[in-house]
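Asker: please work out how this folds:
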Amino acid sequence: MIRSAFIAACAVGLTGCGGVPSETDADGQAPPEPAPVTRDTAANDTAGDALVQPEWDALDRVGADTCGMRVVRGFLGQPARDIPAERLPEMFRILAPTDNATMDYVEARLNILTDGDGRVIGFKCG
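Answerer: Model prediction:
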């Protein structure tokens, strides 16, 4: 019974949210028709893609070396798998361009940035 009353109340509340869109704007003019979206349009729409690309600097530029990247800088351009384990700090992660990473900042963590082939393209603390 309570469930039916809740559903009815929600339905009544939602009917006030949606109105019939006006066929004209404030000047009495009909709005322009939107351009149709086709498969070709969607596939070629790359104008905003550069806005979401992460910044992959070769070296972290935030002051002090808090994560030990100074010790591994010589491996820039080399395969990440070639970095000896004894040269790596206690906290590190290897990130490819398509990898997801948490956004928490851990100043002692070394981020080893790689290209799609696994070659080191940069280091960042955090």
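Asker: quick check: what element follows the helix or strand bottoming out on mean pLDDT in the chain along the chain?
Answerer: Each helix and strand of the chain was given a mean pLDDT (mean pLDDT, DSSP states H and E); the minimum falls on helix 39-44 at a mean of 52. With elements assigned by DSSP states H and E, the helix or strand that comes after helix 39-44 is strand 92-95.
Asker: that next one: which residues count as buried?
Answerer: Phe92, Ile94, Leu95 (16 or more other CB atoms under 10 Å). Quick note: C-beta positions are derived from backbone N, CA and C, even for glycine.
Asker: using a markdown table, lay out the residues you listed together with pLDDT.
Answerer: Converted to a markdown table, the buried residues of strand 92-95 look like this (pLDDT from 0 to 100):
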| residue | pLDDT |
| --- | --- |
| Phe92 | 95 |
| Ile94 | 95 |
| Leu95 | 94 |
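Asker: now those residues in TSV, with distance to Val71?
Answerer: Below are these laid out as TSV (distance: CB to CB, whole Å):
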residue	distance to Val71
Phe92	11
Ile94	16
Leu95	18
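Asker: now, among those, which is nearest to Gly122?
Answerer: Leu95 (9.6 Å; CB to CB).
Asker: any low-confidence regions in the chain?
Answerer: 1-63 (pLDDT under 70).
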